Every structure is written in C-alpha cells, then in structure tokens.
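Asker: Return a 3D structure for these sequence lines:
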Amino acid sequence: MIINKHDFFVKGLHYTIRSATEEDAKALSQLRLQIDGETENLDREKGEAFIDEDGFKGIIKEDSEKPRNLFLVAETDQRLVGFSRCEGSDLKRFSHKVEFGVCVLKEFWGFAIGTNLLKESIEWADSNGIKKMTLNVLETNDKAVALYQRLGFEIEGILRNDKILSDGKFYNTIVMGRLEK
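Answerer: Sure thing, here's the model as predicted:
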C-alpha cells in the first residue's frame, strides 16, 4: 500500500518518511547491507540473505499493491537512511495482522527515525482495519523494547536461546504485539 509522505524536523535534522518506490531499490540494497554490519540487533550478519536491486524492486512492487503490506523509507538530503516494512499474510486466519520490522543507519540513531517509521506504520494499520501488529526484538535492545511499550506493544512471549551473537553466547528474542486501539 502507498501512504502520503510526511516531513519531520528532529534535533536539527530534516527528513521525510514516504512509501518506497522501485527507484529506491538499488539504494535499499546497499543500505540494508550496511545496516546489517552495524548492529547485532537484527537477525542477519552483513551479507547474509542479501537482497539485490531486482529483489527489492519485486518487494516494493508487491508491497505497493497488497493492502496489508507497507514499505516505508526515511530520506534526508536525497539519501535513504532507514526503512521499515509491515508484511501481512494471504492466509485468512492471519489476515487481521501484520509483522513490523525497522532498520536505521547507526549514524542517524537518536533522531526518532525508527520511532516515526513505527508511528506512521501504526497509523496506517489502525486506519486500514489491521487489528494486530507484531514484531521481534533482541532482549538486549532495551531502548527498542521501551519504545515499543510506549507505543502500545506488549510482551507476548520469549524465544529462549534464540540467537547466537558474536560473543558466542545465546540470547533471547522478545515477541511483542499491539492490538488496535
């Protein structure tokens, strides 16, 4: 689905959140690769599950057409610095919900980009009859967990020893959900 773009000005940074277009595909491929190498908060290590330009074009096309999918980008000075996706299921038993994920370049943390991507996604979901949003977050990502809770998400479960990080230790994944208000 496509939404209207919105401009934000946070701590001296102006950025726009808008729906992704196929013209963003090459930049998204590079952006995702970079972000995957900057943090262990995500599921992938740098280069794993790589999506090339054509792959992103396909995802963007599909997300633009499906009523329960949303692909947003955050852009500043004609540079993509973050993105988020809500992905719904074609299965009737899951047609009421979407799964949310977000990525922001580390140098742009602290400008509420992830927060505003999520708020835009929540507004879209609530205005389009989506009853539930879900997400997964690494247990050590305290700021993200607190943000999600402030925006109405609740902890629904813990996946024990779900990930192995670079220190060789196991970490839990927190499963969170938000019901339409």
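
Asker: what about Ser166, how many neighbours?
Answerer: When neighbours are counted by other C-beta atoms under 10 Å, Ser166 registers 7. Glycine gets a C-beta too; all of them are placed from N, C-alpha and C.

Asker: scratch that, Glu65 is what I was asking about
Answerer: Glu65: 10 neighbours (other C-beta under 10 Å).

Asker: Against Glu156, how distant is it?
Answerer: 30 Å (C-beta to C-beta, to the nearest Å).

Asker: mind checking how far Asp52 is from Ala25?
Answerer: Distance from Asp52 to Ala25, by C-beta to C-beta: 8 Å.

Asker: ranges for the helices of the chain?
Answerer: For the chain, applying DSSP state H gives helices covering 25-36, 53-65, 113-127, 142-150.

Asker: Could you list the buried residues of the shortest one?
Answerer: So that's helix 142-150. Neighbour-count burial for helix 142-150 flags Ala144, Val145, Leu147, Tyr148 (criterion: 16 or more other C-beta atoms under 10 Å).

Asker: Enumerate every residue touching the closest residue in space to His6 that isn't next to it in sequence.
Answerer: Spatial nearest neighbour of His6, chain neighbours left out: Ile17 (5.3 Å); criterion: C-beta to C-beta, 6 or more residues apart in numbering. For Ile17, the contacting residues are Lys5, His6, Phe8, Leu72, Val73, Ala74, Glu75, Ile113, Asn116, Leu117, Glu120, by C-beta atoms under 8 Å, 6 or more residues apart in numbering.

Asker: Identify the residue spatially nearest to Val102, adjacent ones excluded.
Answerer: Ser84 (4.1 Å).

Asker: would TSV of the contacts of Ile17 with neighbour count, pLDDT and distance to Thr134 be doable?
Answerer: Formatted as TSV, the contacts of Ile17 follow (neighbours: other C-beta atoms under 10 Å; pLDDT from 0 to 100; distance: C-beta to C-beta, whole Å):
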residue	neighbour count	pLDDT	distance to Thr134
Lys5	13	97	26
His6	14	97	24
Phe8	18	98	25
Leu72	24	98	17
Val73	23	98	22
Ala74	27	98	22
Glu75	19	98	26
Ile113	25	98	21
Asn116	19	98	20
Leu117	23	98	16
Glu120	23	97	17
